[in-house]
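*Asks:* When you get a sec, could you give me coordinates for this:
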Amino acid sequence: MVAEMASCGAACHLDDGDGDIPVPGNKENIETSTEESSEDEEDEEDEEEEEEEKDSELIPGPEAEVANGKDGRDFKLCCEKCKAIQRSHGNELVTPRRISKGRLQVQLEAEGTYECTVTGLVFEASEQVLVRYSVLSWSKFGAFLQDSWKFAGPIFNVDTVNKDASVLKSIQFPHSVCLADPENEMTFSVLHIKDNRPLFEPTVDHSGSHVKWRVSSLSPVGPVIQTNQSVERHGVVLVYKQLGNDNNNNYSFHIYLATNSASDIKDIAKQVRCYKNRYIQIEKPPTCKLDEGTYRLMSEPEGEIKPEDLKFTLAPTKMKGYFEAFFEQPPPFKLSLIEINTEETLWSATIREGDCVDNTEQKPRKRTNCRKRCSNHLEEETVCKRPRWQDESDGVKTAMTQDLSEKQLLQLAKLLGKEWKEVAIFLDLTSKELDDILAAEKDVTMQKLKMLVVWKSRCRPGEATASHLQESVKEVDDLSHDFHQTLKNMMVNRAAK
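*Replies:* Have a look, this model is predicted:
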C-alpha cells in the first residue's frame, strides 16, 4: 500500500516559479548517467567549508530539526481533499543522518516499511540494509521528458551499501500532483536512468501523496506522468529577504513559485546561494495550488514589484524566475498571489518586522584551500572562490588580480548567446537592472556588454578578473566552449606578461 505523506515543507530543509528568464534545454543532458550523478555528489563533498556555512544559513538540516524539538514527519499535505486519498498507515518513521552536503544515509534495521522524515521516501526492505540517497535536479534530466511526459515529483539517486538492490522490494516517491478532482485520473510511471538510457517503467500503486515502484535496479529515478492536459499541482511560495539594506528603511524580497517537490525547492535554494548578496528565507505558510499559467503578486502597502506578471511553467529549468518586491518603508507588508485568468487569490502572507531579523550567526570568513582535483597552478587559481593577492617584488599584484578591461568585456559579450540573461542572474543583476539595460540599449551585443560592465562596477579593485568571472558563471550550463576558452586565454596571457 502507499504511504500517507506528501512532500510539502520538508523539502525546504534540504540544502541546496519559472518565469521571464528561462534556461534553454541542454542537449548534452541526454548523456546524463548514474556516474555523472555520483560525480555531482563528489563535487558537492569537495565544496569549501565556507559554502557549507552558507547552506546552513538558508536551510537547516535534520540535526537542526531535532535540536528544535520537532518530532515525526516534516511534511504537510497541501490539499485536504488529497489527504482523504490515503490508503495505509503504520510505516516506521526513520530520521536519516546527513553524511555530506545533500547526501543522506539511513539504517533500516530489519524487514519492514520505513518512511524518511526528511524526504518522504518510503522504503520496503526484505532485510537489514544501509541506504544512501540524495535529491537531484530535474534540469539534468529534462531532455528525457519529451512529448507529453512531465515530472510529477522529485528525482532521487538511491543506493544500498554493500548489498544488492533487490533487498529493497519497493520505493514510494512523494509526488506533487493534485488528485482532488475524481475526473482527473492519472497514470503514473517512473523515469529510471539505466545504463545511460531513459526507461519509463510502470508503477504498482499511487495515493494522494506517493507513487509506489517495484525496484528493478538503483540509479536516478523519479515519478512522471504522461498527459496533454493541464495538471494542477501542489505548489509552494518561497520568500527570501535580502540582507544589508534595512538601515535605509529599504526592504527587498525575492518570491519564488515552485511545485511541491524537493528537486525544485533545492534548485531555488542553490540559486539563492549563488547571489552576491546574502538572503534569509522567511518562514510563511508556503502551500498553494499551481498550474501552468500567469500569476501576479500584489502588495499592501503598494511596493515596486517586478515583473508585473510571472509565467509559471513546469519545464525542468535550473534557473527559476521570481518576483522582486521592493519597499521604501518598514513592515508590515501583505503579499498576495493572484491567478491572472480567474483573479483568484491562491496565497497570501503578511511579513512583519520580526520576520526580517537575521538571527543567523555570522561566522568569520576562512581562507580555505582549493579543491583536491586541481592538477596545476593555473587550474588552482581558476577554481578558488576569491582571487589571490600575492605581491610581487616590484609591488605589482599578480596577474590573477588584474581587472578585465572594457575591451575584453566586449570580446566576451560577443561570445554570449541567448543564455546571457542567465549569466546576468548569476552575476547578481536584478530583473529591474535587466529591464533598464534592455530599455537603454537596442543593440544586443551592447546589452550584453552593459551587463558585464555593471558586474565589473560592483566588484572591488582586483576582483573583476577573468578567474573571478569564470568562477561566478561556472554553473551556467549553456555557455559556449569559445567563451570558456577565451576566459582561460585571458588568464594565461595575463600571467605571461
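*Asks:* Only C-alpha atoms from now on, for both contacts and neighbour counts.
*Replies:* Noted.
*Asks:* What number of neighbouring residues does residue 195 come out with?
*Replies:* Using other CA atoms under 10 Å, residue 195 has 12 other residues around it.
*Asks:* any idea how far it lies from residue 219?
*Replies:* With distances taken as CA to CA, to the nearest Å, residue 195 is found 9 Å from residue 219.
*Asks:* Please apply the same query to residue 429.
*Replies:* Here residue 429 is placed at a distance of 37 Å from residue 219 (CA to CA).
*Asks:* Check residue 483 too.
*Replies:* Using CA to CA, which is the criterion applied here, residue 483 is 33 Å from residue 219.
*Asks:* Which stretches in the stretch 301-450 of the chain count as strands?
*Replies:* 304-306, 309-312, 322-327, 333-339, 345-351 (DSSP state E, counting those that start in this stretch).
*Asks:* Show me the beta-bridge partners of residue 257.
*Replies:* When bridges are assigned using DSSP bridges, the partners listed for residue 257 are residue 237.
*Asks:* From what I see, it and residue 236 are in contact.
*Replies:* Yes. Counting by CA atoms under 8 Å, residue 257 does reach residue 236; the two are 6.0 Å apart.
*Asks:* more crowded one of those two?
*Replies:* Ranked by neighbour count (other CA under 10 Å), residue 257 and residue 236 place residue 257 first, with 30 against 26.
*Asks:* Now do the nearest residue to residue 227 once chain neighbours are set aside, the pLDDT please.
*Replies:* Leaving aside its chain neighbours, residue 227 sits nearest to residue 148 (5.4 Å; criterion: CA to CA, 6 or more residues apart in numbering). Residue 148 is assigned a pLDDT of 86 by the prediction.
*Asks:* Next: the one 10 residues further on.
*Replies:* Residue 158 is assigned 95 on the pLDDT scale.
*Asks:* Kindly report the same for residue 449.
*Replies:* Per-residue confidence at residue 449 stands at 92 (pLDDT).
*Asks:* How many residues are close by it?
*Replies:* As a burial measure, the neighbour count of residue 449 was computed by other CA under 10 Å and equals 24.
*Asks:* Kindly report the same for residue 228.
*Replies:* 10.
*Asks:* follow-up on the earlier one: of the strands of the stretch 301-450 of the chain, which is nearest residue 251?
*Replies:* The minimum distance between residue 251 and the strands of the stretch 301-450 of the chain falls on strand 322-327, with 5.1 Å, by CA to CA.
*Asks:* same question for the closest one, mean pLDDT?
*Replies:* Averaged across strand 322-327, the pLDDT comes to 94.
*Asks:* Can you pick out the residue with more neighbours from residue 483 and residue 219?
*Replies:* With other CA under 10 Å as the criterion, residue 483 and residue 219 differ in neighbour count, and residue 219 comes out ahead with 22 against 18.
*Asks:* coming back round to it: now the strands of the stretch 301-450 of the chain as JSON lines including mean neighbour count and distance to residue 453?
*Replies:* Compiled in JSON lines, these are given as follows (neighbours: other CA atoms under 10 Å; distance: least, CA to CA, whole Å):
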{"stretch": "strand 304-306", "mean neighbour count": "18", "distance to residue 453": "22"}
{"stretch": "strand 309-312", "mean neighbour count": "21", "distance to residue 453": "27"}
{"stretch": "strand 322-327", "mean neighbour count": "22", "distance to residue 453": "22"}
{"stretch": "strand 333-339", "mean neighbour count": "18", "distance to residue 453": "34"}
{"stretch": "strand 345-351", "mean neighbour count": "17", "distance to residue 453": "35"}
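*Asks:* And those: which comes nearest residue 180?
*Replies:* So among the strands of the stretch 301-450 of the chain, strand 345-351 is nearest, using CA to CA, at 16.2 Å.
*Asks:* what angle separates the closest one from strand 333-339?
*Replies:* Following axes from the mean of the first three to the mean of the last three CA atoms, to 10 degrees, one obtains 170 degrees for the angle between strand 345-351 and strand 333-339.
*Asks:* Dump strand 345-351 to PDB, restricted to CA.
*Replies:* Output in PDB follows, covering the C-alpha atoms of strand 345-351 (Å, rounded to 0.1, in the frame of the first residue of the first chain):
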ATOM      1  CA  THR A 345      -6.100  34.700  -4.700                       C
ATOM      2  CA  LEU A 346      -4.100  31.500  -4.300                       C
ATOM      3  CA  TRP A 347      -1.800  32.500  -1.500                       C
ATOM      4  CA  SER A 348      -1.300  35.400   0.900                       C
ATOM      5  CA  ALA A 349       1.100  36.200   3.800                       C
ATOM      6  CA  THR A 350       1.900  39.100   6.000                       C
ATOM      7  CA  ILE A 351       5.600  39.900   6.500                       C
END
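*Asks:* Partner strands of it and their direction?
*Replies:* For strand 345-351, the paired strands and their directions (DSSP bridges) read strand 333-339 (antiparallel).
*Asks:* pLDDT averaged over the strand it pairs with - what is it?
*Replies:* Model confidence over strand 333-339 averages 95 on the pLDDT scale.
*Asks:* Determine how far the last residue of stretch 185-199 lies from the first.
*Replies:* From its first residue to its last, stretch 185-199 covers 22 Å (CA to CA).
*Asks:* List the neighbours of it that are in contact with it.
*Replies:* Residues outside stretch 185-199 that contact it (CA atoms under 8 Å, 6 or more residues apart in numbering) are 31-34, 144, 179, 200-203, 206, 211, 213, 219-226.
*Asks:* which among the residues you listed end up buried?
*Replies:* In the contacts of stretch 185-199, burial by neighbour count holds for 32-34, 144, 179, 200-201, 203, 206, 211, 213, 219-226, counting by 16 or more other CA atoms under 10 Å.
*Asks:* Quick one: mark the members of those residues that sit in strands.
*Replies:* Taking DSSP state E as the definition of strands, those contribute 200-201, 206, 211, 213, 221-226.
*Asks:* Just put these in a markdown table and tack on distance to residue 455.
*Replies:* Conversion of these to a markdown table gives the following (distance: CA to CA, whole Å):
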| residue | distance to residue 455 |
| --- | --- |
| 200 | 44 |
| 201 | 46 |
| 206 | 48 |
| 211 | 45 |
| 213 | 47 |
| 221 | 39 |
| 222 | 38 |
| 223 | 40 |
| 224 | 39 |
| 225 | 41 |
| 226 | 42 |
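*Asks:* wait, which of those residues is closest to residue 126?
*Replies:* Checking these against residue 126 with CA to CA, the nearest one is residue 213 at 15.1 Å.
*Asks:* Which pLDDT value goes with that closest one?
*Replies:* Residue 213 carries a pLDDT value of 96.
*Asks:* which ones are touching it?
*Replies:* Taking CA under 8 Å, 6+ apart as the criterion, residue 213 is in contact with 170-173, 190, 202-205.
*Asks:* at 6 Å instead, please
*Replies:* Residue 213 sits next to 170-171, 203-204 when contact means CA atoms under 6 Å, 6 or more residues apart in numbering.
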